[in-house]
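J.: my questions concern the predicted model and sequence given below.
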Amino acid sequence: MRGGFSLGLLAPHFAASIATMKSLLLGAALMALLPAAASAQSMTVDQFLTKANALKAKGVMALGSSDLKLLRNHMMTVAADYRRDIEGARIAGKAPHSCPPPKGKGKLGSKELLAEFEGIPPARRSVSTKAAFYEMMRRRYPCK
């Protein structure tokens, strides 16, 4: 103990404070992500088409747009939720709402998806992209 002061007795308190601070920061970071995840699930078909049409108008310049990544990630999330729900129904012994081919076997391109969404009457485009996607999959892959 030089200078009459030692951190040895306080070390456990500092360690606990650092652990608490890390927990608080992690919690704050996760809370910050929740609105983004929630907004991804609540995008309407109209909002999706508005962004998609704006990207189409940009042509090649759309490749660097953050909206392109947003729409791609959004639909990847919707598709993953769909697969989880189908698998969850099977595990629970319930009939799945549709019977798609195994992952990677069925192909749905962006042009097909846009055509499906554009086929929804404007008065119904306030529906979520998730609901529209599930309905599209139910029509395309009915269980037999």
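T.: Sure, I can see it.
J.: for the nearest residue to residue 114 once chain neighbours are set aside, grab the count of nearby residues.
T.: Of all residues not flanking residue 114 in the chain, residue 52 sits nearest, at 5.9 Å (CB to CB, 6 or more residues apart in numbering). Every C-beta, even on glycine, is put in place using the N, C-alpha and C of the backbone. By other CB atoms under 10 Å, the residues close to residue 52 number 19.
J.: is residue 52 in a helix, a strand, or coil?
T.: Reduced to three states with DSSP: H, G, I helix; E, B strand; the rest coil, the structure at residue 52 is helix.
J.: would you check that it makes contact with residue 115?
T.: No: at 11.2 Å, residue 52 does not count as touching residue 115 under the criterion of CB atoms under 8 Å.
J.: just the helices in the chain please.
T.: Counting by DSSP state H, one finds helices in the chain at the ranges 11-41, 45-58, 66-91, 110-118, 129-140.
J.: mind listing what's buried along the shortest one?
T.: The one in question is helix 110-118. For helix 110-118, the neighbour count (16 or more other CB atoms under 10 Å) marks 113-114, 116-117 as buried.
J.: can you check the third one too?
T.: In terms of neighbour count (16+ other CB under 10 Å), helix 66-91 has its buried residues at 70-71, 74-75, 77-79, 82, 86.
J.: turn these into a markdown table, columns for distance to residue 105.
T.: Conversion of those to a markdown table gives the following (distance: CB to CB, whole Å):
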| residue | distance to residue 105 |
| --- | --- |
| 70 | 27 |
| 71 | 24 |
| 74 | 23 |
| 75 | 18 |
| 77 | 21 |
| 78 | 19 |
| 79 | 14 |
| 82 | 15 |
| 86 | 14 |
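J.: and which of these is nearest residue 122?
T.: residue 71 (19.3 Å; CB to CB).
J.: which non-adjacent residue is nearest that closest one?
T.: Looking at residue 71 with CB to CB, 6+ apart, the closest residue is residue 51, at 5.8 Å.
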